[in-house]
Each structure stands twice: as C-alpha cells, then as structure tokens.
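In: sequence-free structure coming up:
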C-alpha cells in the first residue's frame, strides 16, 4: 500500500510539473525487494511536456472516454496497473473495448475481488470520471527531470 501511494504521489508531482508519462503499465515498473522495497517507473521515452509530443498510451491501459485528457489517462493506467498487480485475473473485459462507464465495470470487478486494497483503486477509478480536467502546468525551460 505504501509503495502504491508513493508511486501515485510521484505521478502527481510529474503532472504538476506538466509532464504526462503516457506509458504506465506493470511491464514498465521495476519492483525492488529487500530493505528498500519500492516500485519505480521506467520507459519514460514517450512522456509529454505541457501536452507537447506524440502521445502513445499503451493499448489496454487507455480509456477511450478520456481521449486527450492525458493526466486522466495516466491515472487510469496507474490504477489499472495497481489492480492488475494485486489481482491479475480481476479484469475479464479490457477497458479499451468497453463502452460503459468506469463505474459499471468497476462494480463488476468489485464482485470478483474481495481484496480491500483493490477496492481502494477501484474507487479511485470511479472518481476519475468525476474529476475535472487538470490543465497542464507550464514548465520552466531550465526544468530537468532526474531519472
């Protein structure tokens, strides 16, 4: 839970700096074990700054209703990744192919998952549809992201 929260905070900080990652998925996360347990994002070559660039969101980690709201797409991909990590069999239907609201299929997923931590991220997915679009912050030209 702590690692998921820290990764979510990191993504929020990047969004506040005007950076959208556009390729969040479990395959692009490194899991560090031992005393320094953490999850780190990798493969940031498709990131956008202030919405500029060519977006390439990974198939199946995209929700069509968000279209060009890249911040929501990142959050959707992040929460979907967390859920896939917690319960790989949770998703019977891939989100990209569903025309229903997020709430419709998160309700279905809740019935299949007794995991309380999964419920946290199902709730956050539901909340995404209600959040207003977050405007991209302007990034100072000397801003550098240390990776």
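Out: That came through fine. Predicted, not measured: the structure shown is a model, and the values here were computed from it.
In: any idea of the pLDDT on residue 144?
Out: According to the prediction, residue 144 has pLDDT 42.
In: Chain neighbours aside, what residue packs nearest to residue 109?
Out: residue 90 (5.3 Å; CB to CB, 6 or more residues apart in numbering). Where C-beta positions appear, they are placed from N, C-alpha and C, glycine not excepted.
In: pretty sure the one you found is in a strand, no?
Out: No: under DSSP: H, G, I helix; E, B strand; the rest coil, residue 90 sits outside any strand and is assigned coil.
In: That one and residue 106, how far apart?
Out: Separation of residue 90 from residue 106 (CB to CB, to the nearest Å): 10 Å.
In: neighbour-wise, which of the two wins?
Out: A count of neighbours by other CB atoms under 10 Å puts residue 106 above the other of residue 90 and residue 106, at 23 against 20.
In: name the element the residue nearest to the more buried one when sequence neighbours are not counted belongs to?
Out: For residue 106, ignoring the flanking residues on the chain, the nearest one in space by CB to CB, 6+ apart is residue 122 at 4.4 Å. Assignment of secondary structure by DSSP states H and E places residue 122 within helix 116-128.
In: for residue 39, same thing?
Out: Short version, using DSSP H and E: residue 39 is in strand 38-41.
In: How about the contacts made by residue 130?
Out: By CB atoms under 8 Å, 6 or more residues apart in numbering, the contact set of residue 130 is empty.
In: measure it to residue 51 for me?
Out: In terms of CB to CB, residue 130 sits 22 Å off from residue 51.
In: now do residue 129
Out: 21 Å.
In: quick one: contacts for the most centrally placed residue in the chain?
Out: In the chain, the residue lying closest to the centroid (CA atoms, centre = their mean) is residue 78, at 2.0 Å. By CB under 8 Å, 6+ apart, the residues touching residue 78 are 7-8, 11, 24.
In: Can you pick out the most distant pair from these?
Out: Taking CB to CB as the measure, those span a maximum distance of 10.7 Å, between 8 and 24.
In: ok, back up a step: is there a quick PyMOL command that grabs whichever of the contacts of residue 78 are buried?
Out: Here is the PyMOL command that selects the buried residues among the contacts of residue 78 (16 or more other CB atoms under 10 Å):
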select buried, resi 7+8+11+24
